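A.B. asks: Below is the sequence, then the predicted model.
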Amino acid sequence: MNMLGLIGIPIGYLLGSIPFSYFVARIFGVDDIRAVGSGNVGATNVWRAAGWGPGLLAVFGDVGKGVAAVIIASLLAPATDGAEYYKLASGLAAVVGHIYPVFLHFKGGKGVNTALGVMLILLPGETILALLAFIITVAISKYISLGSMIAGGSFFVIVWLEYFLNLEYVHPVYVPVSLLLAGLIVFTHRPNIKRLMTGTESKFSLHSRIEEKHG
């Protein structure tokens with residue numbers, strides 16, 4: 001067991017806990033992103049409340065947390081037998097940190113962008129395909145939440161097919177992890193699922209500003 005590799009897990013969690021969306025929104029005039037729009041501490045809500053520029057900054061910040069967590073873990077435990085597990089554990093810790101951030105009383109975002117950053121480093125090809133599924137879904141439906149869940153499901157299906165059909169080498173650990181991530185994305189989108197079912201979910205627009213709290 002590599003003790004330095006284990007240190008990457010709490011580091012990953014603390015990185016994930018940094019509420020970039022909250023800070024970016026405040027810088028651009030939104031006092032508390034939790035009090036507007038969906039109330040979610042995420043890049044989509046920042047985009048809707050403060051505009052596309054702050055929204056993109058929040059996206060880069062949240063994705064960057066996942067990327068940084070994996071890179072730090074790879075530096076702490078280079079070329080060891082369990083290196084893949086250490087990198088993955090640190091990355092997943094960052095996702096958990098984003099959803100349950102210690103700096104915001106454990107009430108954070110949905111974890112999609114941070115998971116994107118993690119998997120862009122660990123499984124780039126599969127992640128890009130899942131991202132394409134997200135883009136197509138959002139382009140057609142205008143629902144970020146639906147696109148996120150479709151992307152999570154697509155990522156699992158892609159990893160599953162590659163592993164079980166021997167299309168390309170995939171470390172066995174990614175089969176259950178991809179299922180876990182897909183399930184976690186659905187779990188964090190429970191309110192969105194209810195709004196999608198009732199037709200009250202907010203559609204995404206490139207130019208959107210909101211003041212009052214709604215869908």
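C.D. replies: Happy to help now that I have it.
A.B. asks: My guess is Val175 contacts Ile158. True?
C.D. replies: No - shown here, Val175 and Ile158 do not form a contact pair, counting by CB atoms under 8 Å, at 11.1 Å. Using the backbone N, CA and C atoms, a C-beta is placed for each residue, glycine as well.
A.B. asks: Compare neighbour counts for these two and give me the winner.
C.D. replies: Ile158 (21 against 16; other CB atoms under 10 Å).
A.B. asks: For the more buried one, which non-adjacent residue is closest in space?
C.D. replies: Glu126 (4.8 Å; CB to CB, 6 or more residues apart in numbering).
A.B. asks: Surely that neighbour is in contact with Gly152?
C.D. replies: No - using CB under 8 Å, Glu126 makes no contact with Gly152, being 11.9 Å away.
A.B. asks: ok, those two, which is more surrounded?
C.D. replies: Neighbour tally, Glu126 and Gly152, criterion other CB under 10 Å: the higher count belongs to Gly152, 27 against 23.
A.B. asks: so which strand or helix has the more buried one?
C.D. replies: helix 144-164 (DSSP states H and E).
A.B. asks: Convert that helix to PDB, retaining C-alpha atoms only.
C.D. replies: Taking Å, rounded to 0.1, in the frame of the first residue of the first chain, the C-alpha atoms of helix 144-164 are listed here in PDB:
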ATOM      1  CA  ILE A 144     -29.000  20.200 -19.400                       C
ATOM      2  CA  SER A 145     -30.300  17.800 -16.800                       C
ATOM      3  CA  LEU A 146     -31.500  15.300 -19.400                       C
ATOM      4  CA  GLY A 147     -28.200  15.700 -21.300                       C
ATOM      5  CA  SER A 148     -26.200  15.000 -18.200                       C
ATOM      6  CA  MET A 149     -28.200  11.800 -17.400                       C
ATOM      7  CA  ILE A 150     -28.000  10.600 -21.000                       C
ATOM      8  CA  ALA A 151     -24.200  11.200 -20.900                       C
ATOM      9  CA  GLY A 152     -23.800   9.200 -17.700                       C
ATOM     10  CA  GLY A 153     -25.800   6.300 -19.100                       C
ATOM     11  CA  SER A 154     -23.900   6.500 -22.400                       C
ATOM     12  CA  PHE A 155     -20.500   6.400 -20.600                       C
ATOM     13  CA  PHE A 156     -21.500   3.200 -18.800                       C
ATOM     14  CA  VAL A 157     -22.800   1.500 -22.000                       C
ATOM     15  CA  ILE A 158     -19.600   2.500 -23.800                       C
ATOM     16  CA  VAL A 159     -17.300   1.100 -21.000                       C
ATOM     17  CA  TRP A 160     -19.400  -2.000 -20.700                       C
ATOM     18  CA  LEU A 161     -19.300  -2.800 -24.400                       C
ATOM     19  CA  GLU A 162     -15.600  -2.200 -24.700                       C
ATOM     20  CA  TYR A 163     -14.900  -4.400 -21.700                       C
ATOM     21  CA  PHE A 164     -17.200  -7.300 -22.300                       C
END
